[in-house]
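**Student:** A structural model of the following input is requested.
(one chain, ligands or ions: 1)
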Amino acid sequence: MKKNLVCFLIFITTEGCSQTAPRMDFENYNPPSTLVVPEHKLTRAKFPFIDVHNHQEEMPTMDLRTLITDMDKLNMKVMVNLSGSNGDELKRSVKNVRDHFSKRFIVFANVDFNGVGSEDWGEKAAKQLEEDVRNGANGLKIFKNLGFSVRDIKGKRVTVDDPRLDPVWKKAGELKIPVLIHTADPKPFWDPMDSMNERWLELASHPYRKRSNTDPAPWDTLMAEQHRMFKKHPRTTFIAAHFGWYPNNLAKLGQLLDEMPNVNVEFGAVIAELGRQPHMAKKFFTKYQDRILFGKDSWAPDEYATYFRVLETEDEYFPYHKKYHAFWAMYGMGLPDDILKKVYYKNALRIIPNIDKMLFPE
Ligand SMILES: [Zn+2]
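**Tutor:** Residues are numbered from 1 along each chain as shown. Coordinates of the predicted model:
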């Protein structure tokens, strides 16, 4: 017994310490899994779905057939283009859609934040929104520049809950259109960029995403601004993009949804957070099945496969498509059909006006 232990220790010393193993970068260490378990690679959603978080900046002039081909392969019946702009550009996007594929695209308007602080800015912006909706917009998208970089005419940061914006939120409620809003970014972007940071690789590859308490404000401050604004406008329906940046803390997100019945969430770019906690996520999807919408954000048709697999299957330890979002593997939640239907289309049909219900099953 004793002799074996000594040999073992010698083995470690000679093999492990005296010969130096080649060093490897974290980015390069990506061994394929040796785990053998059932696999269900999905290239198509089980039910027709509505992607509520997409960006097509070229919509006024593009050939929409290029999108339709990919959408049909994925079983995406309706794409919501959040980058609809406003005024004439919005009209041109809507015209292109109506002329070619009137049922397959929904366009959201955007607010022009230039001039906040000038007289009647809020009323004018609300009026513009009203006109955009008359011209075919079916929602309002607020980009993360609100809170980050939008400044008033005196150069001061415009907070997400700035009362000068209230007429816009109020108008959206009156028009019965949802406001999909992205505020801040993942919390680790504010944390020290070191070996303890889960988003180290993303910050290394996208250094401009790094934030600090003064650039422009602490993460908690931005989130609190958003939540105060949601609470101040209970008659307006909001969709917090990216699970409100709480996909890694679903208990907290559930608490927020309980406090704010006018708020819904979509999971664009955060499926890797759900796929690492399939049990917790399934409980969350069960409890909040009427408040969750399907969103993806970046238009990369191949990447939808990961979303379908996390939502639909009970597959274990399968790869995610972007290491800078997740260096961990995915697990499927195996959601039942009735919840899948709500997440894939029923909730969006209820919240976003003017989508043709006939495109979807009961
Ligand atoms: Zn987006």
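**Student:** which stretches of the stretch 51-200 of the chain form helices?
**Tutor:** Listed in chain order, the helices of the stretch 51-200 of the chain (DSSP state H, counting those that start in this stretch) span 65-74, 87-100, 121-134, 145-148, 166-175, 200-205.
**Student:** no, scratch that, I was asking about the stretch 251-362 of the chain
**Tutor:** 271-274, 278-287, 304-312, 337-341, 347-351.
**Student:** out of the ones you listed, flag the one nearest N138.
**Tutor:** helix 347-351 (10.2 Å; Cβ to Cβ). (Each C-beta comes from the backbone N, C-alpha and C, glycine too.)
**Student:** just checking, what packs against the closest one?
**Tutor:** Helix 347-351 sits against strand 49-54, strand 292-293, with contacts defined as 3 or more Cβ pairs under 8 Å, 6 or more residues apart in numbering; DSSP states H and E.
**Student:** what strands line up against the shortest one, and which way round?
**Tutor:** Pointing back at strand 292-293 there. Strands adjacent to strand 292-293 in the sheet, as given by DSSP bridges, are strand 263-266 (parallel).
**Student:** how distant is the strand it pairs with from the center of its chain?
**Tutor:** Distance of strand 263-266 from the chain centroid (Cα atoms, centre = their mean, to the nearest Å) equals 10 Å.
**Student:** now the strands for the protein?
**Tutor:** For the chain, the strands defined by DSSP state E cover 49-54, 76-81, 105-107, 109-110, 140-142, 179-181, 238-240, 263-266, 292-293.
**Student:** any chance of the ones you listed in JSON lines, plus mean neighbour count?
**Tutor:** Below are those laid out as JSON lines (neighbours: other Cβ atoms under 10 Å):
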{"stretch": "strand 49-54", "mean neighbour count": "27"}
{"stretch": "strand 76-81", "mean neighbour count": "25"}
{"stretch": "strand 105-107", "mean neighbour count": "26"}
{"stretch": "strand 109-110", "mean neighbour count": "24"}
{"stretch": "strand 140-142", "mean neighbour count": "27"}
{"stretch": "strand 179-181", "mean neighbour count": "25"}
{"stretch": "strand 238-240", "mean neighbour count": "26"}
{"stretch": "strand 263-266", "mean neighbour count": "24"}
{"stretch": "strand 292-293", "mean neighbour count": "24"}
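**Student:** mean pLDDT and distance to A172 for these - can I get that in CSV?
**Tutor:** Shown next, in CSV, are the strands of the chain (pLDDT from 0 to 100; distance: least, Cβ to Cβ, whole Å):
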stretch, mean pLDDT, distance to A172
strand 49-54, 99, 15
strand 76-81, 98, 15
strand 105-107, 98, 15
strand 109-110, 98, 10
strand 140-142, 99, 5
strand 179-181, 99, 5
strand 238-240, 99, 9
strand 263-266, 99, 13
strand 292-293, 99, 17
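**Student:** between those strands, which one is closest to W219.
**Tutor:** With Cβ to Cβ, the closest approach to W219 among those belongs to strand 238-240: 14.7 Å.
**Student:** D25: neighbouring residues, count only.
**Tutor:** Burial of D25 is recorded as 6 neighbouring residues (other Cβ atoms under 10 Å).
**Student:** hmm, back to that, need the strands of the chain in CSV with distance to L257, can you?
**Tutor:** Formatted as CSV, the strands of the chain follow (distance: least, Cβ to Cβ, whole Å):
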stretch, distance to L257
strand 49-54, 17
strand 76-81, 21
strand 105-107, 24
strand 109-110, 25
strand 140-142, 19
strand 179-181, 15
strand 238-240, 9
strand 263-266, 6
strand 292-293, 9
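**Student:** nearest to M330, out of the helices of the stretch 251-362 of the chain?
**Tutor:** Set against M330 and scored by Cβ to Cβ, these come closest in helix 304-312, at 5.6 Å.
**Student:** right, and L146 touches R157 too?
**Tutor:** No: counting by Cβ atoms under 8 Å, L146 does not reach R157; the two are 9.8 Å apart.
**Student:** re earlier: closest to M223 out of the helices of the stretch 51-200 of the chain?
**Tutor:** helix 145-148 (9.4 Å).
**Student:** can you list the helices and strands that the closest one packs against?
**Tutor:** Applying 3+ Cβ pairs under 8 Å, 6+ apart, we find helix 145-148 packed against helix 219-232.
**Student:** using CSV, write out every CA atom in the helix it packs on.
**Tutor:** This file holds the C-alpha atoms of helix 219-232, laid out as CSV (Å, rounded to 0.1, in the frame of the first residue of the first chain):
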residue,chain,number,x,y,z
TRP,A,219,-25.3,49.2,-13.5
ASP,A,220,-27.8,49.2,-10.5
THR,A,221,-28.6,52.9,-11.2
LEU,A,222,-29.5,52.2,-14.8
MET,A,223,-31.7,49.2,-13.9
ALA,A,224,-33.4,51.2,-11.2
GLU,A,225,-34.1,54.0,-13.7
GLN,A,226,-35.8,51.5,-16.0
HIS,A,227,-37.9,49.9,-13.3
ARG,A,228,-39.1,53.3,-11.9
MET,A,229,-40.1,54.2,-15.5
PHE,A,230,-42.0,50.9,-15.9
LYS,A,231,-43.8,51.5,-12.6
LYS,A,232,-44.7,55.1,-13.4
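**Student:** I'd like the numbering to begin with 5 instead of 1 from here.
**Tutor:** New numbering, starting at 5: the last item is helix 223-236.
**Student:** roughly how far out does it sit from the chain middle?
**Tutor:** Distance, centroid of helix 223-236 to centroid of chain: 18 Å (Cα atoms, centre = their mean).
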